[in-house]
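Colleague: next comes the sequence, and after it the predicted model I'd like to discuss.
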Amino acid sequence: MNPEQNQNVIKMVAETEIDNRVAEAKEKIHKRKNRAIAIVALLGVGLGFGAKQALDEVQGPEIAVVTDAPNAGPELNGIIEVPVGTGDTIYGLAEEYDPKADPREIVSELKQQGITADTLQPGDVIPMPVSREAEVAYEQQDK
């Protein structure tokens with residue numbers, strides 16, 4: 001075997017060894033991630049069960065523990081055009097234009113439309129999802 005062929009063989013062996021190590025590292029990370037997810041899930045279930053038991057003992061079994069409570073605010077079924085001023089934030093605008101709604105829900109819907117703090121600029125007019133009540137109130141202000 002000539003020196004060039006020898007170098008090629010060494011290079012192939014080294015690349016194979018690197019590929020094997022990368023694959024092993026990825027597998028370890030995947031296993032650790034799965035273990036972490038399982039632990040978090042078990043803790044969540046355990047904490048939820050423990051909280052329900054504690055409430056049952058203190059207040060009686062008719063009290064239910066709600067872990068994924070839906071928003072108690074109004075449904076966002078209206079849209080208003082909101083002008084953006086200097087210093088405005090999406091969260092602040094959400095609170096200002098629909099104070100009864102959960103601003104996190106409005107912000108979430110705006111993000112789904114691609115409107116984020118990074119894209120918000122003074123002078124923009126954004127379509128703000130609001131409750132029907134807030135939409136009517138806003139329209140009456142314009143008259």
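Modeller: Happy to help now that I have it.
Colleague: can you pull out the strands in the chain?
Modeller: If you assign secondary structure with DSSP state E, the strands in the chain sit at 78-83, 125-130.
Colleague: just the pLDDT for E81.
Modeller: Per-residue pLDDT puts E81 at 90.
Colleague: now do G50
Modeller: Reading off the per-residue confidence, G50 sits at a pLDDT of 56.
Colleague: now the helices for the protein?
Modeller: In the chain, helices defined by DSSP state H lie at 3-59, 90-97, 103-112, 132-142, listed in chain order.
Colleague: can you tell me the closest non-neighbouring residue to E75?
Modeller: Residue nearest to E75 in three dimensions, not counting chain neighbours: S131, with 6.5 Å by C-beta to C-beta, 6 or more residues apart in numbering. Quick note: C-beta positions are derived from backbone N, CA and C, even for glycine.
Colleague: list phi and psi for L120.
Modeller: phi -70, psi 130 (degrees, to the nearest 10).
Colleague: that one and A137: what is the separation?
Modeller: In this view, L120 and A137 are 23 Å apart by C-beta to C-beta, to the nearest Å.
Colleague: what's the burial count for the residue nearest to E75?
Modeller: The tally of other residues near S131 (other C-beta atoms under 10 Å) stands at 20.
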